[in-house]
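Undergrad: here are the coordinates; sequence isn't available:
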């Protein structure tokens, strides 16, 4: 992971393989499956509170926030993510205050249409993160992350253990329709809310 904070600040998009070793990926998949079995996953919604709405034609995943009580593997991941946040702050001076993460499960046929992660009128989300948990993904399975820039786009394959990070502001991206179950952990490094006078 050396160089990631500087690369992120310089280019706004970084992809690093083997952020997690295969054993750690397997443990997180087991956590996600246990959460699904007990009903923790809910259909994802678009829009901000108080009126988020479900639109499967735009976003077809189900999500589960990483909140207490946590499994041991989830605690280990949060420690690694916190270490990354501190290193990004030290190298790139982005003022990152905390993070929020959730599992995202896409069943076959699901995707997420082109969008940006910063909610309208809010700029707390500074860096977007996606960590892939797909142990047997192959070309043709779909579910790639498509990240747009001023000249085109880059497709990122959802390989197990791969971490994709990009600056959230104005960065359009989408999840291409998947042909197999697709699992990831997604979220953001956030800045501190501005204090009102």
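TA: Looks like it arrived, so ask away. This structure is a prediction, so every number in the text was calculated from the model and none was measured.
Undergrad: Dihedrals phi and psi, residue 21?
TA: Listed backbone geometry of residue 21 is phi -80, psi 160, with angles given as degrees, to the nearest 10.
Undergrad: nearest spatial neighbour of it, skipping sequence neighbours?
TA: Distances taken as C-beta to C-beta, 6 or more residues apart in numbering put residue 161 closest to residue 21, at 6.8 Å, once the chain neighbours are dropped. To be clear about C-beta, it is placed using only N, CA and C from the backbone, and glycine gets the same treatment.
Undergrad: The one you found contacts residue 132, doesn't it?
TA: Yes - the pair residue 161 and residue 132 qualifies as a contact (C-beta atoms under 8 Å) at a distance of 6.9 Å.
Undergrad: mind checking the longest helix of this protein?
TA: Taking DSSP state H as the criterion, the chain has its longest helix at helix 72-92.
Undergrad: next SSE after it?
TA: Tracing the chain C-terminally past helix 72-92 and defining elements by DSSP states H and E, one meets strand 96-106 next.
Undergrad: partners of that next one in the sheet?
TA: The pairing partners recorded for strand 96-106 under DSSP bridges are strand 62-65 (antiparallel), strand 182-191 (antiparallel).
Undergrad: what are the ranges of the helices in the protein?
TA: In order along the chain, the chain carries the following helices (DSSP H): 4-11, 22-37, 72-92.
Undergrad: Give me the neighbour count for residue 98.
TA: A count of neighbours around residue 98, defined by other C-beta atoms under 10 Å, yields 12.
Undergrad: Without its sequence neighbours, what residue ends up closest to residue 171?
TA: residue 116 (6.3 Å).
Undergrad: on that earlier part again, tell me which residues of the longest helix of the chain are tucked away?
TA: 73, 74, 77, 81, 84, 85, 88, 92 (16 or more other C-beta atoms under 10 Å).
Undergrad: coming back round to it: how about the strands paired with strand 96-106, which one is nearest residue 29?
TA: Closest of those to residue 29 is strand 182-191, at 6.4 Å (criterion: C-beta to C-beta).
Undergrad: what ranges of the protein fall below the confidence cut-off?
TA: 1-7, 9-11, 48-49, 119-122, 193-197 (pLDDT under 70).
Undergrad: rewinding a little: give me the contact list for the longest helix of the chain.
TA: Among residues not part of helix 72-92, those counted as contacts by C-beta atoms under 8 Å, 6 or more residues apart in numbering are 1, 4-6, 8-9, 19-20, 24, 27-28, 30-31, 66, 70, 94-96, 98-99, 101, 127, 129, 131, 185, 189.
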